[in-house]
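1. one predicted model, sequence on top.
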Amino acid sequence: MAEDYENYSDYERDFFMAVDRNTLSEQAIFDALSTIGDDQYYTLFEVEVEHVCGPAHVQVFPERAGTLYRCLNCGVSGIIGG
Ligand SMILES: [Zn+2]
């Protein structure tokens with residue numbers, strides 16, 4: 001990941017910062033799932049995390065191969081690879 005943005009153009013810096021924000025949000029979702037039990041896999045539930053849009057309720061559906069998620073604040077959805 002790009003740690004030092006000084007060597008990049010504004011165009012590139014904007015791209016890397018967006019990726020960083022999304023990565024941090026996905027890490028927060030992943031961390032929130034670190035304590036779930038086996039019975040919560042393959043069920044849909046909500047966690048509260050700091051998403052790219054701010055504090056938000058995020059729906060998660062943990063599978064063994066990854067976690068599906070959707071932010072109920074901004075509507076962004078995706079898959080976090082397991
Ligand atoms: Zn969001």
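-> Great, that's in hand.
2. ok, now how distant is residue 27 from residue 55?
-> For residue 27, the distance to residue 55 equals 15 Å [CB to CB, to the nearest Å]. The way it works is simple: take the backbone N, C-alpha and C, and place the C-beta from them, glycine included.
3. ugh, wrong one, I meant residue 21
-> Relative to residue 55, and taking CB to CB, residue 21 is found at 14 Å.
4. the residue most central in space within the chain and the ion: what is the separation?
-> With distances taken as CA atoms, centre = their mean, the residue of the chain nearest its centroid is residue 26 (1.9 Å). In this view, residue 26 and the ion are 11 Å apart by CB to the ion, to the nearest Å.
5. do I have it right that that residue meets residue 79?
-> No: between residue 26 and residue 79 there is no contact under CB atoms under 8 Å: 9.4 Å.
6. before we move on, the earlier item: the residue nearest to the centre of the chain: what's its closest spatial neighbour, skipping adjacent residues?
-> Excluding the flanking residues, the one nearest residue 26 by CB to CB, 6 or more residues apart in numbering is residue 80, at 5.0 Å.
7. doesn't that neighbour lie inside a helix?
-> No: counting by DSSP: H, G, I helix; E, B strand; the rest coil, residue 80 is not part of a helix but strand.
8. so who does it touch?
-> 26, 29, 30, 66, 67, 69 (CB atoms under 8 Å, 6 or more residues apart in numbering).
9. list buried residues within these.
-> The neighbour-count test (16 or more other CB atoms under 10 Å) marks 26, 29, 30, 67, 69 as buried among the contacts of residue 80.
10. on that earlier part again, who has more neighbours, residue 21 and residue 55?
-> Remark: of residue 21 and residue 55, residue 21 carries more neighbours, 13 against 9, as counted by other CB atoms under 10 Å.
11. what's near enough to touch residue 44?
-> Counted by CB under 8 Å, 6+ apart, residue 44 has contacts 59, 60, 61.
12. among those residues, which are in strands?
-> Judged by DSSP state E, strands contain the following of the contacts of residue 44: 59, 60, 61.
13. save those residues as CSV, and put in distance to the ion too.
-> Output for the ones in strands among the contacts of residue 44, formatted as CSV (distance: CB to the ion, whole Å):
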residue, distance to the ion
59, 11
60, 13
61, 16
